[in-house]
Each structure stands twice: as C-alpha cells, then as structure tokens.
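Enquirer: predicted model follows, preceded by the sequence.
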Amino acid sequence: MARPPLPLGTWGTITTEKVRDGSYRALTRFCDHDGNTRRVTATGPSKAAAERALRDILGTRTAPAGELLTAETRLIDLATSGSPVSRLKDGSNRPPSTSTAGCWTTWCYPVLVG
C-alpha cells in the first residue's frame, strides 16, 4: 500500500548525516503550500544544532512569494484583480455553460462587485 501524501505545510522524518568538513546536515521533505514536496536542508556544527536549524527553517516557511491566492485573500479583491479567475478566456462577458468561470461570472461576480 502506498504511503499517504504529506498534508500541506508539514514535513516528514528529519534525518542527519555528517558531511566532509565535520559539520552535520539535517534534511527532510516538506510539503509546500502549493502542494509540491521539496527537500529542505540545514547544517550545523553538531547533529542537534543542524536539526534545530532545520526546525527553525521549517517553522518559518511560508507560501512561495507571488502567490495569487492566500488564506487572507478576499473574494472582492480576487474579483477585481484581473486574474484568470475573474475573467473569461476569450475576454467576453458571456458565461460558459456550467464551468467554474461561468458560475463565477453569472452568480458571484455580480453580487460582489454590484
């Protein structure tokens, strides 16, 4: 049975290894807020210091810069942002039949923008 994916904003087991110059490297896989799992590393003069440094990095890791949507994004801001979500692909005002963009254009946008 396959291993379930990491939830967003969490990390797996932290492993450490001694590197050539005598310092230690701690590494883990982190599930970023965009859903991609990335390898994150930190180094330190001891095994414990490397793990602490890695936990500090993981604790302050946030969504990648430039994200259009965040937890604080308001719908009205999205509606007036000019993003692909707020306009149709062909630039017209007619909504497509039952797509998300059609529902947005027909029901949500008029209520939010007026």
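Expert: In hand now; what should we look at? Nothing here was measured: the structure is a model prediction, and the numbers come from that model. Numbering: from 1, shown residues only.

Enquirer: nearest spatial neighbour of G9, skipping sequence neighbours?
Expert: Distances taken as C-beta to C-beta, 6 or more residues apart in numbering place H33 nearest to G9, at 6.1 Å, with adjacent residues excluded. In short, each C-beta sits where N, CA and C put it, glycine included.

Enquirer: what's the answer for L58, then?
Expert: W11 (5.4 Å).

Enquirer: got the contact list for the one you found?
Expert: With contact taken as C-beta atoms under 8 Å, 6 or more residues apart in numbering, W11 is in contact with 28-31, 40, 58.

Enquirer: distance check, it against L27.
Expert: With distances taken as C-beta to C-beta, to the nearest Å, W11 is found 10 Å from L27.

Enquirer: who touches both of these two?
Expert: Counting by C-beta under 8 Å, 6+ apart, the shared contacts of W11 and L27 are V40.

Enquirer: what residues go with each domain of this structure?
Expert: Domains of the chain are assigned by automatic domain parsing as 1-67, 75-113.

Enquirer: quickly, which of those bottoms out on average pLDDT?
Expert: Across those, domain 75-113 has the smallest mean pLDDT, namely a mean of 59.
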